[in-house]
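**Student:** A structural model of the following input is requested.
(2 chains)
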Amino acid sequence: MRGFLGSIGLTAAGAAAGAFSAYLAIQGAGVEATSTGSPWLSRAAALQGSSGFYVRLHYLLEGRLPPAQGQIAEATAETDGEGGPLNSGCRYRLASTGPLPRWWSIAAEGVGSDPLSRQTVADSDMVVREADGTVRLVASLGPQPGNWLKLPDARRFTLLYSAIPASGQRVSTAPPFSITREGC
Amino acid sequence: MWMARLYWLAVAIVTAVAAHAAFALFVPAYWFSERLDRIAGDKGTNSFFILPPADQAQLLPGLPRNGVTGVCLFDVSKGDVTLSANLPDGLWVTSIYTDRGESIYSVNNRQSGSNVFNVTLSLAPGFIDMLIQATDKERPEIDSGWTVMSPQARGLAVVWYPLPDAALRASTAESIARSRCMAGTVSPSQ
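**Tutor:** Down below sits the predicted model:
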């Protein structure tokens, strides 16, 4: 009898381990830096890779849609270029580092804040470019001259980047923006 | 005794693999399908509606909330469904997904060349259907827009229109809401 119960228990443990390992594989699938040393992270890039199956399941389990492939690029950043956590008590400079897509947007939202809390957004339609075509933004709580991205009141915040490439332009998940902390 | 232990160990490993596959194949899809049903609410399938901001933030959290999202939850199990888009000028992206989250079609305003267009959604034939169709009469051509074959019967078409200012949301939503989603195909004259 004990042997039988042990066998049933072993089978049940196998089932639980299998389901749990699937959950872990789905949750951990595909979050990676968009390029070496970049603070921008993207799960969307892994959709095309070997772990694409689990990445797509991750989106489903979160109750959300993956970005339309070949159409929209998405990335998030929770740290600056030096690896320090983004903090609304500091001032950050976001500067374009390469060709900009047809349309792009950078939004700031507080970590752990209500999903419906207001985002602050800077996008390609509203920023003023430098004479050489580059874009510089200052992200801070208080107003700044030039392009200003107001940070949320929550202490920790996340930057969300989304972009639509120009016709014929490859969809790059790596946002062409550096994030530099200027002071706190 | 050892054989019996080895047998049950093998059973446990096979059960683990089966449970892993079953969880991955069914749980996220079921969860997402339930989410879509909640979003559709009393609007049901094959109708186009503007997502409230809360559902928009849930369904597309990576996109800025200063924007309008219209969706059609389609069900092509009983026949074709047509999305007749009638969108305002400006940048927009229309994407079609299955209820398993597979992106099967996407177009933006420049690629479309027009803000008014039809997309006919059909159920992709299965292997048996393909064999039958090879000897049976061909499916009629639909020339009133694009035709997208979905490998799943259910899915959703999403129209996303980014806005520089949330204050423009109401008027833009009103404009996008002129789009329609309905069972059947649309003739070229419609």
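**Student:** and the closest residue to residue B:92 other than its chain neighbours, how far is that from chain A?
**Tutor:** Of all residues not flanking residue B:92 in the chain, residue B:161 sits nearest, at 4.6 Å (C-beta to C-beta, 6 or more residues apart in numbering or on different chains). From N, CA and C alone the C-beta is placed, and that goes for glycine too. According to C-beta to the nearest C-beta, to the nearest Å, residue B:161 stands 11 Å off from chain A.
**Student:** so residue B:161 sits in a strand?
**Tutor:** Yes - according to DSSP: H, G, I helix; E, B strand; the rest coil, residue B:161 belongs to a strand.
**Student:** hey, what's it bridged with?
**Tutor:** Assessed by DSSP bridges, residue B:161 has beta-bridge partners residue B:68.
**Student:** now the strands: where do they sit in chain B?
**Tutor:** Remark: strands assigned in chain B by DSSP state E are B:48-50, B:67-75, B:81-86, B:93-98, B:103-108, B:116-123, B:146-150, B:154-162, B:180-183.
**Student:** quick check, residue B:110 in contact with residue A:165.
**Tutor:** No - taking C-beta atoms under 8 Å as the definition, residue B:110 is not a contact partner of residue A:165, at 10.6 Å.
**Student:** please say which of those two ends up with more neighbours.
**Tutor:** Just comparing residue B:110 and residue A:165: by other C-beta atoms under 10 Å in any protein chain shown the higher neighbour count belongs to residue A:165, 20 against 12.
**Student:** buried set for the longest helix out of those in chain A?
**Tutor:** Longest helix in chain A by number of residues (criterion: DSSP state H): helix A:2-27. By neighbour count on 16 or more other C-beta atoms under 10 Å in any protein chain shown, the buried set for helix A:2-27 is A:7, A:10-11, A:14-15, A:17-19, A:21-23, A:25-26.
**Student:** which of these scores worst on pLDDT?
**Tutor:** Least confident of the buried residues of helix A:2-27 in the model: residue A:7, at 79.
**Student:** is chain B contacted by the worst-scoring helix or strand of chain A on mean pLDDT?
**Tutor:** Sorting the helices and strands of chain A by mean pLDDT, DSSP states H and E puts strand A:32-33 at the bottom, at a mean of 77. No - using C-beta under 8 Å from any C-beta of the partner chain, strand A:32-33 stays clear of chain B, with a minimum separation of 15.3 Å.
**Student:** measure residue B:36 to chain A for me?
**Tutor:** Distance from residue B:36 to chain A, by C-beta to the nearest C-beta: 9 Å.
**Student:** my guess is that residue meets residue B:72, correct?
**Tutor:** No - with contacts counted by C-beta under 8 Å, residue B:36 stays clear of residue B:72, the gap being 11.2 Å.
**Student:** where exactly do the helices run in chain B?
**Tutor:** With DSSP H as the criterion, chain B has helices spanning B:2-40, B:53-59, B:109-112, B:127-135, B:169-176.
**Student:** export these as JSON lines, with columns for distance to residue B:146 and mean pLDDT.
**Tutor:** Formatted as JSON lines, those follow (distance: least, C-beta to C-beta, whole Å; pLDDT from 0 to 100):
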{"stretch": "helix B:2-40", "distance to residue B:146": "23", "mean pLDDT": "90"}
{"stretch": "helix B:53-59", "distance to residue B:146": "23", "mean pLDDT": "86"}
{"stretch": "helix B:109-112", "distance to residue B:146": "9", "mean pLDDT": "88"}
{"stretch": "helix B:127-135", "distance to residue B:146": "20", "mean pLDDT": "62"}
{"stretch": "helix B:169-176", "distance to residue B:146": "19", "mean pLDDT": "91"}
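**Student:** the residue nearest in space to the middle of chain B: what's it in contact with?
**Tutor:** By C-alpha atoms, centre = their mean, chain B has its centre lying nearest to residue B:156, at 2.3 Å. Taking C-beta atoms under 8 Å, 6 or more residues apart in numbering or on different chains, we find residue B:156 in contact with A:65, B:36, B:71, B:72, B:73, B:74, B:96, B:97, B:99.
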